[in-house]
Structure formats: C-alpha cells, structure tokens
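mind folding the following:
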Amino acid sequence: MIGDPVQFEALGNRLGFSVVEATPEKLKLVWQGARFPAFLCLGIALLLLFVSVPIMLALLERGFVGPAGSLWYFPVMNLVLFGIAFFLVTQRRTVEIDGKAGQVILRRLSLYRTTMLKISSAEITRVTLSNDLVTDSFAVGGSTAAQSFPVPALRLVLANGENVLLDRGSLRRLRDHAKLVSELIGKPLEVDPELQSGPGDARAKTQTG
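Below you'll find the predicted structure:
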C-alpha cells in the first residue's frame, strides 16, 4: 500500500461519485467537487464586479485620497471570492479499480496538491457496505447540539485492519458500485443487515404482515 487511508475520509457528510467508465476489467468513479458553493461564490463575485470595477478605476486615477479610497475592500472581496470559486472547482476525487492489474488507486486533486493511495488486491480482504455514523456540525440559532445520523458507506477492509472509504451516498447507487468493486477485485461483499432490504422490500413485508 502506498499512501494513507485517513487522507481519503470524506470531508463532508456525503460524496457521491459518478461512474465514468465501467467495463469487465475496469471501473472509474469521479467526484467533481463542491460545485454549488463554487458557482455561488462565482455568481456573487460577478455581481460585485459592477461595484468593484468603478471603484478600481477611481483608485487607479486618484489613489486612496479620493472618495473611493474608503471602498478599497470591494475589489479585494472580489479577488477572494474568485479565488475561493476557482479552488472549489478544481477539487476532484477519483477511484480507479483495475481488475486486470489487481489494484485500486484513489486520488485527491486540488489547486495546490495531489494525494494518491494505491492498494493491491492482495492487501484487501473484503468489501463492506454499511452505515457510517456521521456527525452534523451545523448549528442553528446558537445551538451546540451536534446530531449524528447514519449514511450508507462503501469501504474496503484491508488485511492490516485498516479500511478505506470509497464512497458515501445513495444506498441504491452504492449497491451497484459494491457489486462491481467486489467482482473486479475478486473479494467477498459484506452488506450490513440493516441495509439488506430496501424500502420496497420493507413495504412488501408490511403489507404481508
């Protein structure tokens, strides 16, 4: 194994990888990053341009002694928002599972750094699909009560006792991913009993009862 599995734990509550390649020999999943906050910052920055551009022109013409001298922070905010938007857009994660080569490669890419984790199939004992207990740190109105809630997670369990997070999110999507991963690396799939039956099965059992 090359790399640290801890570096690939989710920063947020959910990831949600999309399948960009799925063949009998290879599976590639991609997470494009936090697009909504990125485009939100970009939109606010574009709106501020209507104020920042005249201020910037006034500063270039008369310096900080003119009427626009006290509004210098508007162009600075614009630059900061553009920087945040660009940083968020460059965030990307990939999971490549090569059944032929017998290895799993995880990558984290950002504006300033690329982190990689490479695992051979011989180091993996099983694939698990279970709930992660995720803590929601969002507070409203000054409340400090952090609540935890279960989120379906797909993980690789290694022979040394460590585990690697592949994805979190929709149970239906993770079930499909789990089967593909298990088949490609030739390792058994273990599904938590709580996730064995879907909503449709539960309704059927209720109606039967």
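
okay, CA-based contacts and neighbour counts for the rest of this
Will do.

any idea what the residue nearest to L165 when sequence neighbours are not counted is bridged to?
Using CA to CA, 6 or more residues apart in numbering and skipping residues adjacent in sequence, the residue nearest L165 is R155, 4.6 Å away. For R155, the beta-bridge partners under DSSP bridges are T128, L165.

and for R155, the neighbour number?
Other residues within reach of R155, judged by other CA atoms under 10 Å, total 19.

what pLDDT is listed against it?
The model reports R155 with a pLDDT of 92.

and for I124?
In the prediction, the pLDDT value recorded for I124 is 92.

so it makes contact with A159?
Yes. In this structure, I124 is within contact of A159 by CA atoms under 8 Å, at 5.8 Å.

counting neighbours, go ahead and name the busier of those two.
Comparing I124 with A159 by other CA under 10 Å, the one with more neighbours is I124, at 23 against 12.

list the contacts of the more buried one.
Contact analysis of I124 by CA atoms under 8 Å, 6 or more residues apart in numbering lists 156-159, 187.

do A159 as well
Taking CA under 8 Å, 6+ apart as the contact definition, A159 lies against 123-125.

10 Å instead?
For A159, the contacting residues are 122-126, by CA atoms under 10 Å, 6 or more residues apart in numbering.

now, those that are in strands?
With strands defined by DSSP state E, the entries of the contacts of A159 inside them are 124-126.

thanks again, I'm all set now.
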